[in-house]
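Engineer: Kindly return the folded structure for what I paste below:
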Amino acid sequence: MITPGAGATAGFLAVVGWVCIAVVWAVWYAAGRRWAVPAAVGVGLVLAVSAGLAFSRVGERVVGAVPVAALVGFQAFRLPLELVLHRFYDEGVIPVQMTYSGANFDIVTGVLAVVCGLGLWRGVAGRMVVWAFNCMGLGLLGAVVRIAVLSAPTPMRVYMNDPPVQLIFHAPYTWILSVCVAGALLGHLLVFRWLWWGR
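Structural biologist: Numbering: from 1, shown residues only. I've put the predicted structure just below:
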């Protein structure tokens with residue numbers, strides 16, 4: 001595997017850190033320090049427990065306390081993440097289909113998270129915007145995961161252009177899956193729970 005440059009790696013680590021801090025802050029904001037400490041400990045395992053956390057009592061408190069504008073706006077981290085992924089592509093680390101120059105359009109989710117989050121915060125957007133954003137964002141997240149799986153050096157590989165996707169098998173880039181993808185999934189599940197509550 002080609003190792004990304006220091007600048008791209010620093011950008012990636014900044015995005016990962018932002019996601020972790022945002023998750024812990026939301027729990028602290030909703031439930032206080034007593035719940036924030038366990039959340040901080042468990043954030044590294046969020047991929048495995050994302051659905052459980054979203055539908056647990058902690059998830060209930062987050063959905064009840066954190067404004068939906070913040071729940072939607074959280075997904076804005078996908079904008080800088082996609083810029084970092086494009087830098088990885090420029091450095092020959094990942095194939096073009098993993099970026100917005102190829103088949104990955106998840107940058108749209110990051111941009112719309114900012115726009116929709118601000119609209120919700122100002123009261124000019126409603127539930128239909130939340131539904132549309134969340135469904136689209138979850139769909140684009142699934143598409144990115146599918147592209148990554150089909151670009152990895154396994155028997156399932158469909159995209160045969162080089163380089164294959166190997167980044168997620170090397171630290172600290174494993175956090176793309178365990179923090180960024182899992183954090184995005186958790187965020188979408190929390191928004192769906194908010195929508196279910198408000199029906």
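
Engineer: what helix or strand is residue 182 on?
Structural biologist: Using DSSP states H and E, residue 182 falls within helix 182-197.

Engineer: again with residue 108
Structural biologist: In this structure, residue 108 is located in helix 107-122 according to DSSP H and E.

Engineer: Give the buried residues for the helix holding residue 182.
Structural biologist: By 16 or more other CB atoms under 10 Å, the buried positions in helix 182-197 come out as 182-194. Every C-beta, even on glycine, is put in place using the N, C-alpha and C of the backbone.

Engineer: cool, and stretch 148-160?
Structural biologist: Neighbour count says stretch 148-160 has 148, 150-152, 159 buried, by 16+ other CB under 10 Å.

Engineer: okay, these in TSV with pLDDT and secondary structure next?
Structural biologist: Formatted as TSV, these follow (pLDDT from 0 to 100; DSSP: H, G, I helix; E, B strand; the rest coil):
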residue	pLDDT	secondary structure
148	88	helix
150	87	helix
151	89	helix
152	85	coil
159	92	coil
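
Engineer: Let me know the closest of those residues to residue 113.
Structural biologist: Nearest to residue 113 among the buried residues of stretch 148-160: residue 148, at 20.7 Å, using CB to CB.

Engineer: next helix or strand past the helix or strand bottoming out on mean pLDDT in the chain?
Structural biologist: Of all helical and strand segments in the chain, the minimum by mean pLDDT, DSSP states H and E falls on helix 46-54, at a mean of 62. Using DSSP H and E, the helix or strand that follows helix 46-54 in sequence is helix 57-65.

Engineer: ok, residues contacting the following helix or strand past that next one?
Structural biologist: Going down the chain from helix 57-65, the next helix or strand is helix 68-73, by DSSP H and E. Under the criterion CB atoms under 8 Å, 6 or more residues apart in numbering, residues 26, 63, 113-114, 116-118, 120-121, 130, 133-134, 187, 190-191, 194 lie in contact with helix 68-73.
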